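>>> sequence plus predicted model, see below.
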Amino acid sequence: MSRSRSVSAGGIVYDTGALVAAERADDQVWFVHRRALGRGLRPVVPSVVLAQAWRGGPQPNLSRLLKGCVIEALAENAAREVGRLLATNGSADVVDAAVVVSAASRGDLVVTSDPDDLAALATALGVPLGMQAI
């Protein structure tokens, strides 16, 4: 499983660590984001990731990042898949599992501050998952 696939991959999903890093003005996250937008890609942010990162504002850098993203609702079928994944993996982190399920559904690259936990979930799901650690 690749821990750092190039940004030229299909789509991109951000985890909470990526959103927190964006708010801190982390150069690496902003480079990935600008490059994705320049290639016509709108990164996906699962709604549960936004809920975990949002603190009520003002969060100007995060707000700016989100303008270029697609916020993905957790639909019932995805929520059931997240629950099955948690049971299989023995984990309780709904947000991480939602990121993995979201990215796996499209074969997207995950931009993450937590590649080890996400890799374990991807393995439990039985899918290869490209990750860009930040």
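Looks like it came in fine. No experiment lies behind these values; they were computed from the predicted model shown.

>>> as a quick check, tell me the outermost residue of this structure.
Pro58 (22.0 Å; Cα atoms, centre = their mean).

>>> quick one: pLDDT of that residue?
pLDDT for Pro58: 90.

>>> likewise for the one 5 residues further on?
We have a pLDDT of 97 for Ser63.

>>> contact partners of the host helix or strand of it?
For Ser63, the host element (DSSP states H and E) is helix 60-67. With Cβ atoms under 8 Å, 6 or more residues apart in numbering as the test, helix 60-67 has contacts from 19, 22-25, 29-30, 33, 45, 50, 53-54, 57. From N, CA and C alone the C-beta is placed, and that goes for glycine too.

>>> which among these end up buried?
Neighbour counting with 16 or more other Cβ atoms under 10 Å marks 19, 22-23, 29, 33, 45, 50, 53 as buried within the contacts of helix 60-67.

>>> any chance of those in CSV, with distance to Ala79 and secondary structure too?
Output for the buried ones among the contacts of helix 60-67, formatted as CSV (distance: Cβ to Cβ, whole Å; DSSP: H, G, I helix; E, B strand; the rest coil):
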residue, distance to Ala79, secondary structure
Leu19, 21, helix
Ala22, 26, helix
Glu23, 27, helix
Val29, 27, helix
His33, 27, helix
Val45, 17, strand
Leu50, 16, helix
Ala53, 19, helix
